[in-house]
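Trainee: quick one, fold the following:
(one chain, ligands or ions: 2)
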Amino acid sequence: MPVQKYRSLQIKLTPQRLAILSYLNGNKTHPSAEDIYKAVQKQYPTMSFATVYNTLEALRDKGNIRELKIDPAKKRYDPDNTPHHHLICVKCNCIVDIHEDFDLNLPGKLTRGFDLIGKSIEFYGICRKCK
Ligand code: ZN
Ligand code: MN
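Mentor: Ligands and ions are numbered 1, 2, ... in the order given. Next comes the predicted model:
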């Protein structure tokens, strides 16, 4: 993973932080902080959970990753910050992306005077594996 790609993040790039960034790069599993900690610890056994968590908070504050609060058990992180929707399995808590756009609009009288700029919708159900 080229370091240059992350220079624009304006966070201090330590080897541990680069390992976290490269784990997140292109990751579509919407991992929790614990998942990320477990994965990166294999490479950096001395890394603390606090380092992982602080890095995630810094990346979130810079708008580089999205923090998802749709899993009741734990916060999940999405490195994909292009607009998209999610399908969530209520049994295994897997989160799947929907990148296609579809027709779903708020009727004018429900916008409460807002000028709408986007939407992100969560669909709940039972995934193929859990059925
Ligand atoms: Zn499932
Ligand atoms: Mn997503």
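
Trainee: which strands and helices lie in contact with the longest helix along the chain?
Mentor: When the chain is parsed with DSSP state H, its longest helix is helix 49-61. Packing partners of helix 49-61 (3 or more C-beta pairs under 8 Å, 6 or more residues apart in numbering; DSSP states H and E): helix 15-24, helix 33-41, strand 66-68. (Glycine included, C-beta is placed from N, CA and C.)

Trainee: for residue 116, which of those is the nearest?
Mentor: Nearest to residue 116, of all the helices and strands packed on helix 49-61, is strand 66-68, at 18.8 Å by C-beta to C-beta.

Trainee: can you list the domains in this structure?
Mentor: 3-78, 85-125 (automatic domain parsing).

Trainee: same question for the last one, mean pLDDT?
Mentor: I take that to be domain 85-125. On average, the pLDDT along domain 85-125 is 90.

Trainee: go on, the first one?
Mentor: In this model, domain 3-78 has a mean pLDDT of 89.

Trainee: do that domain and ligand 1 meet at all?
Mentor: No: using C-beta under 5 Å from the ion, domain 3-78 stays clear of ligand 1, coming no nearer than 11.9 Å.

Trainee: now do the shortest one
Mentor: Yes: using C-beta under 5 Å from the ion, domain 85-125 reaches ligand 1 at 89, 91, 92, 94.
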